[in-house]
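Colleague: Give me a model of this one.
(2 chains)
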Amino acid sequence: MSDATGLVLVVEDEPQMRRFLRASLGAEGYRVREAWTVADGLREVAAEHPDAVLLDLGLPDGDGLELVRRVREWSQVPVIVVSARGREEEKVAALDAGADDYLAKPFGTKELLARLRVALRHARAGTGPTDPVIQAGPLRLDLERREASVDGRAVRLTPIEWRLLALLARHAGKVLTHAQILREVWGPNAASQTHYVRVFMAELRRKIEADPSRPRLLLTEPGVGYRLADAPAPDPAPGGDGAR
Amino acid sequence: MRWRPVPAWLGYVGAAALVVGTTAVGAATRTVLDVPDVEMLYVLAVLVAAVFLGRGPAVAAAAVGVLAYDYLFVPPVYTLNVADGRYLFTFAMMFGIGLLVSSLAERAQAAAVRAESETLRGTLLSSVSHDLRTPLAAITGAATTLRDQAVDEETRRELVGAICDEAERMERMVGNLLDMTRLTSGTVAPRREWIPVEEVAGAALARTERLLARHRVRTEIPSGAAMIRADPVLLEQLLVNLLENAARHTPPGTEVVLRAEAGPSGLALEVADRGPGVPAGEEERVFERFHRGGRSDGGGAGLGLAIARAVAEVHGGTLHVEPNEGGGARFRLHLPASGASPAVPREPEAPGPGGPGREGA
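Modeller: Have a look, this model is predicted:
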């Protein structure tokens, strides 16, 4: 992995989880620093300037959410939060507070590395000039010329559909919450109208998915939001999920 | 024994009715029975109230009974005066019996409820520990083999695969247990939102893709945004459980159909398979907790369908299984209509970016 050279800060109080993360991240070429608590985590972010933070939301001295908020006051370091399935509100709160992505416990190495790669790529792209052409699997978006195509076939989109798709494409591989999408596409007054997003997403799927009821590109994260697949599987082969 | 708690006011109405009835019987049998015998009828009324209606109504029945008995039967009749001191003792006895019997009945009820929940907890614990220990044994075995023995590459791959699969199975079970606990404790209120049926179906199919990789999965979902007002996470879980159930109980290569039909009375969602079907007489039992269709491999502690039904019920819907025409089982969820879909601002038919407008189709 050419980009697997960064420093990852792991904020996690479970020793077994730290052991697993140290081993799998180390094997991939990342350097790893560890913190047990919110206070340590904040200190490490300030002192070590990690390239990414992997943050467990349940920490002994406070809420991981607090760490996200504090870090976001002065740093744009990518933060991936880790929390259990069934705690969707917690994930949404962390994402809306500025976390970049999440992993649902338990997760497999493949999923972890994929999320981390996406987060690092976006962080690096954020500092340089942005590429006006985004390619995500069969989907190609030319932001400058405002053109979308799937497998070379041009797709016509309404203004809102375009804004929606362009937003997801700019964050390809990253989850976006309903609130984030509503704010960006419909403006701050629409933040609670989640059905807008759902209806337009259904419309968009009908235009760009081969089978809208089994999407390969515009993925639903139930209770959280949507994600444009980073490197979608072309057929029902094992997906990116280790243990869902 | 299972007692339904009677609403308080109904208890008192019942007590009043008992006294009125007793008085009527007492009046009718007056010519046959002596006055002291009539008091036994009132004691019976108080006993009945104490056992079936609770302490308050029992005391009320005793009080009203004493007044009625005194006024109508005890000489001098039609006054509340008591000629013979013996009757005062009778009145005290009626109150005493009411209090004593009602508190005994309460204690017996509490014991019955406790015994029932103990049995349930016992069943749950033994079932869960057994179900969790099975994958755990496989994981321990595989992991210690890898640690302590030299194995060839193929064996290593096999053992590591077993560890991953069994860990996943444990995760499913724990997930199911948590869902069941949350649903039955009454602490989760569904967070209802308007969602396109297609989206929930898609999310559920994505999550069960690996499990159903060797089945032929087909969807019959009418295009057009049929919306349903439901909790997206719970409804997805319901469909995942039905699909997992199909994956587990039908042979690879057979067809599984996920079908949606929207009608005026609501939305029907079906998962139909071509497996052996549900045996006649088992149609309700498959939804019971810890019921397993005769197999215990790869299961989720026999909770999947119980959770699915619980989710249907918190949405005011129903979930049943029926034979699929042509063989197999068909799980059918019905969710009642919940009003008109919300309005979504239409876009002006202005030219879209980079093109002269909206695509026709």
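Colleague: now the helices for the stretch 251-361 of chain B?
Modeller: For the stretch 251-361 of chain B, the helices defined by DSSP state H, counting those that start in this stretch cover B:304-314.
Colleague: ranges for the strands of it?
Modeller: Here the stretch 251-361 of chain B has its strands, by DSSP state E, counting those that start in this stretch, at B:255-263, B:266-273, B:318-323, B:329-336.
Colleague: Please apply the same query to the stretch 51-200 of chain B.
Modeller: Going by DSSP E, counting those that start in this stretch, the stretch 51-200 of chain B shows strands at B:193-196.
Colleague: what does chain A give?
Modeller: Assigned by DSSP state E, chain A shows strands spanning A:7-11, A:31-35, A:52-56, A:58-59, A:62-63, A:79-84, A:101-105, A:133-136, A:139-142, A:147-150, A:153-155, A:175-177, A:218-221, A:225-228.
Colleague: Would you mind giving those as CSV with mean pLDDT, mean neighbour count and distance to A:F200 added?
Modeller: Where C-beta positions appear, they are placed from N, C-alpha and C, glycine not excepted. Shown next, in CSV, are those (pLDDT from 0 to 100; neighbours: other Cβ atoms under 10 Å in any protein chain shown; distance: least, Cβ to Cβ, whole Å):
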stretch, mean pLDDT, mean neighbour count, distance to A:F200
strand A:7-11, 96, 23, 36
strand A:31-35, 95, 18, 40
strand A:52-56, 95, 25, 31
strand A:58-59, 80, 19, 35
strand A:62-63, 76, 14, 33
strand A:79-84, 90, 23, 27
strand A:101-105, 91, 21, 23
strand A:133-136, 84, 16, 18
strand A:139-142, 91, 20, 16
strand A:147-150, 92, 19, 14
strand A:153-155, 92, 13, 14
strand A:175-177, 94, 23, 13
strand A:218-221, 93, 22, 11
strand A:225-228, 94, 24, 11
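Colleague: Make TSV from these and add distance to B:V278 to it.
Modeller: Supplementary listing: the strands of chain A in TSV, determined by distance: least, Cβ to Cβ, whole Å:
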stretch	distance to B:V278
strand A:7-11	48
strand A:31-35	51
strand A:52-56	43
strand A:58-59	41
strand A:62-63	46
strand A:79-84	33
strand A:101-105	32
strand A:133-136	43
strand A:139-142	43
strand A:147-150	42
strand A:153-155	44
strand A:175-177	38
strand A:218-221	30
strand A:225-228	37
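Colleague: confidence score at B:S265?
Modeller: pLDDT for B:S265: 86.
Colleague: ok now do it, which residues does it touch?
Modeller: B:334, B:336-337 (Cβ atoms under 8 Å, 6 or more residues apart in numbering or on different chains).
Colleague: will you turn the strands of the stretch 251-361 of chain B into JSON lines that also has distance to chain A and mean neighbour count?
Modeller: Below are those laid out as JSON lines (distance: least, Cβ to the nearest Cβ, whole Å; neighbours: other Cβ atoms under 10 Å in any protein chain shown):
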{"stretch": "strand B:255-263", "distance to chain A": "8", "mean neighbour count": "18"}
{"stretch": "strand B:266-273", "distance to chain A": "12", "mean neighbour count": "21"}
{"stretch": "strand B:318-323", "distance to chain A": "19", "mean neighbour count": "16"}
{"stretch": "strand B:329-336", "distance to chain A": "16", "mean neighbour count": "21"}
